[in-house]
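S.K.: Predicted structure and sequence below. I'll ask about it afterward.
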Amino acid sequence: MSTSTSWDQEEERMYKELRSLVEEAEGQEQRRKMLNRMIKQLRNARWRKKVLNMDNYPFSHIRPAQLGIIITTGALTPIVLFSIFIWLSLWVE
């Protein structure tokens, strides 16, 4: 998977950048700020990796028939509810 490899390379690049920033930072406060910024970037990279990984996607293992039933049900639900509303409003009159 090229996507997984590219994300791993990006994460490795961020770790190297973090290491170089920490080594060249002089003050404790400046180090802390840099570390917090890099931690946020790493968290974002991991989140993107998890979101883009299709194994974590809930509908990745659904069969085509199940997907068709889900889509049909979602499409027909508003029509059925509207029809029930019309019939009830006619019945109340």
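M.R.: Right, received. Where do you want to start?
S.K.: what's the longest helix in this protein?
M.R.: Longest helix of the chain, by residue count under DSSP state H: helix 64-92.
S.K.: buried stuff in that one?
M.R.: The neighbour-count check on helix 64-92 (16 or more other CB atoms under 10 Å) flags nothing as buried. C-beta coordinates here come from the backbone N, C-alpha and C atoms, glycine included.
S.K.: just stretch 12-25 next, same as before
M.R.: For stretch 12-25, using 16+ other CB under 10 Å, the buried residues are Met14, Leu18, Leu21.
S.K.: Give me the distance from it to the chain's centre.
M.R.: 27 Å (CA atoms, centre = their mean, to the nearest Å).
S.K.: How about stretch 10-21?
M.R.: Remark: stretch 10-21 is offset 23 Å from the chain centroid, using CA atoms, centre = their mean.
S.K.: and that stretch, what's its mean pLDDT?
M.R.: In this model, stretch 10-21 has a mean pLDDT of 78.
S.K.: Show me the contact partners of it.
M.R.: For stretch 10-21, the surrounding residues in contact (CB atoms under 8 Å, 6 or more residues apart in numbering) are Met34, Leu35, Met38, Gln41, Leu42, Ala45, Arg46, Lys49.
S.K.: okay, Ser2: pLDDT?
M.R.: So, for Ser2, pLDDT stands at 54.
S.K.: Likewise for Thr72?
M.R.: With respect to pLDDT, Thr72 has a value of 93.
S.K.: on that earlier part again, secondary structure and distance to Trp87 for the buried residues of stretch 12-25 - can I get that in TSV?
M.R.: Below are those laid out as TSV (DSSP: H, G, I helix; E, B strand; the rest coil; distance: CB to CB, whole Å):
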residue	secondary structure	distance to Trp87
Met14	helix	60
Leu18	helix	64
Leu21	helix	68
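S.K.: Domain-wise, how is this structure divided?
M.R.: Here the domain parsing of the chain from automatic domain parsing is 1-61, 62-93.
S.K.: any idea which of those scores lowest on pLDDT?
M.R.: For those, the weakest mean pLDDT is recorded on domain 1-61, namely a mean of 73.
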